[in-house]
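> Next one to model:
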Amino acid sequence: MRCRIVAIDGPGGAGKSTLAARVAGALDAQVVRTDDFASWDEPFEWWPRLIKQVLAPLSRNQPGRYQRSDWPTRRLAEWHDVPVAPFLVLEGVSSSRQAFARYLAFRVWVETPRAERLRRGLERDGEDALDPWRVWMAREDAYVAAEHPEEHADLVASGSGHA
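Below you'll find the model as predicted:
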């Protein structure tokens, strides 16, 4: 596999996107976001599509291509190409899940206090998103309890100073 994939995982509002942008800039890499596969309705069970459309082709040294999930309309939107490159940054909640392990070269887990993550999420999404954020955080808690991504990370980073 010519493309080395760096996963930047952590719960919502932890600072993953900021860190991913920095890593991608340093590596001259594209960022693929799990938010482009997930949705409010389907926060965690979207992962087979990411494998089929991006990770499996890259593992065969072929380009990937995926259709972005449009959260507001709850539909699939435009297509995105993922060329074979030296590096790719996979950013988002559950980006280092065990189902992806064979494709990943490096895993980062970003930790940030829960209250700060919720504050950032509501600042970004608006106060009307409080109930969806509570549901989302409960589902994140279930993912973390089931997979313990922080234990499989090559690096655990603090997200407290990222945003």
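
> Where do the helices of the chain begin and end?
Using DSSP state H, the helices of the chain run over 16-27, 47-50, 56-59, 114-125, 130-147, 149-152.

> Grab the most central residue of the protein for me.
Gly92 (1.5 Å; C-alpha atoms, centre = their mean).

> ok so, going back, in CSV, list the helices of the chain along with mean pLDDT, mean neighbour count and distance to His80.
For the C-beta atoms, the positions are set from N, CA and C on the backbone; glycine is no exception. Listed next are those as CSV, based on pLDDT from 0 to 100; neighbours: other C-beta atoms under 10 Å; distance: least, C-beta to C-beta, whole Å:
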stretch, mean pLDDT, mean neighbour count, distance to His80
helix 16-27, 97, 18, 14
helix 47-50, 96, 17, 12
helix 56-59, 98, 18, 13
helix 114-125, 93, 15, 22
helix 130-147, 93, 14, 23
helix 149-152, 96, 16, 24
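
> Nearest to Glu78 among those would be which one?
Nearest of the helices of the chain to Glu78, taken as C-beta to C-beta: helix 47-50 at 15.2 Å.

> circling back: quick check: the gap between the residue nearest to the centre of the chain and Gly13.
12 Å (C-beta to C-beta, to the nearest Å).
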